[in-house]
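**Q** got a predicted structure here, sequence first:
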Amino acid sequence: MTGPVITVTHGVVGYDGRPVLRDVSLTVSAGEVVAVLGANGSGKSTLIRAVLGLVPLSSGEVTLFGTAQRRFRQWHRIGYVPQRLGAGSGVPATVREVVASGRLARRGVLRPAGAPDRAAVAEALAAVGLTDRAGDPVATLSGGQQQRTLIARALAGRPELLVLDEPTAGVDMASQEAFAEALTGFVDGGGTVLLVAHELGPLRPLISRAVVVHQGGIAHDGAVPEPAGHHAAPDHDHVHPHGPDEPVGLWSS
Ligand SMILES: Nc1ncnc2c1ncn2[C@@H]1O[C@H](COP(=O)(O)OP(=O)(O)OP(=O)(O)O)[C@@H](O)[C@H]1O
């Protein structure tokens, strides 16, 4: 793979005429694990949704694997896990069925699942540590296990790029660790990751770069910032204003 996996150049995004991202430029190269950090409502999700073409840019440009986003058709190369999607919400599917649905873009709708599909599903289930729950209805799993199911679903498509919106938010420690392990395997296999996070937790050693979104722009792009004192506490609810010597909103939630 040569060249960047993602570029955003002077991206501007707003909702109903209200700007959220004012001028954002970002490059993600193959093999990087980039964490998008920032305060609540700063536009982190908007940034990754704009990268995926789920919200339009009002100006600027996005490329994916070297192709302008509007001409990009190889969506099977990208796995996406959106924020706060309950895999079990009213759907009586088993864990295996949800994970297998991640193969649809690879298979095409007309071709039945074959051995490569089953192998990819089995591998993805193993990667997140859910092999023994494969036959269980998703609704019977814990929140963390449901989140792992969604990650396995994205992995099953054997993507080259994984885009994850707060993959470990509200997830128990065992699931966070299982997820970190799955992500390590994905990155060791040459994968690239763009993820939004509030708390990096066990993901921290995996992150090669941090991008901090603040006031519609990118306030920092480089090393992962150290949690600022009590901001590192998972239960910190961020109700007070920041002092002048504190980094802006890096670890707020
Ligand atoms: N579909 C939408 N329509 C209108 N406004 C939206 C929409 N989605 C997000 N916003 C607004 O855009 C701003 C940025 O939201 P976004 O979800 O990108 O922030 P975020 O940094 O991901 O926040 P969080 O940490 O809470 O997930 C917020 O003010 C939010 O209310």
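**A** Done, it's in. Residues are numbered from 1 along each chain as shown.
**Q** three-state assignment of Q176?
**A** Under DSSP: H, G, I helix; E, B strand; the rest coil, the three-state class of Q176 is helix.
**Q** how many neighbouring residues does it have?
**A** Using other C-beta atoms under 10 Å, Q176 has 21 neighbouring residues. C-beta: built from backbone N, CA, C; applies to glycine.
**Q** for the one 3 residues further on, same thing?
**A** F179 has 25 neighbours, counted by other C-beta under 10 Å.
**Q** and N40, by the same measure?
**A** With other C-beta under 10 Å as criterion, N40 counts 10.
**Q** go on, T149?
**A** 28.
**Q** again with G60
**A** Going by other C-beta under 10 Å, the residues that sit close to G60 add up to 16.
**Q** who touches it in this structure?
**A** Applying C-beta atoms under 8 Å, 6 or more residues apart in numbering, we find G60 in contact with V8, T9, H10, G11, V12, D23, V24, S25.
**Q** what subset of the residues you listed is buried?
**A** V8, G11, V12, V24 (16 or more other C-beta atoms under 10 Å).
**Q** make TSV from those residues and add pLDDT to it.
**A** Listed next are these as TSV, based on pLDDT from 0 to 100:
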residue	pLDDT
V8	97
G11	96
V12	96
V24	96
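**Q** out of the contacts of G60, which one sits closest to the ligand?
**A** V24 (11.4 Å; C-beta to the nearest ligand atom).
**Q** contact partners for that closest one?
**A** Each residue near V24 by C-beta under 8 Å, 6+ apart is listed here: V8, H10, G11, V12, V13, L47, G60, V213, G216, G217, I218.
**Q** for it, which non-adjacent residue is closest in space?
**A** With C-beta to C-beta, 6 or more residues apart in numbering as the criterion, V24 has its nearest non-adjacent residue at 4.4 Å, and that residue is G11.
**Q** in its sheet, what does the host helix or strand of the one you found sit against?
**A** G11 is part of strand 4-15 when elements are defined by DSSP states H and E. Within its sheet, and counting by DSSP bridges, strand 4-15 is paired with strand 18-29 (antiparallel), strand 59-64 (antiparallel).
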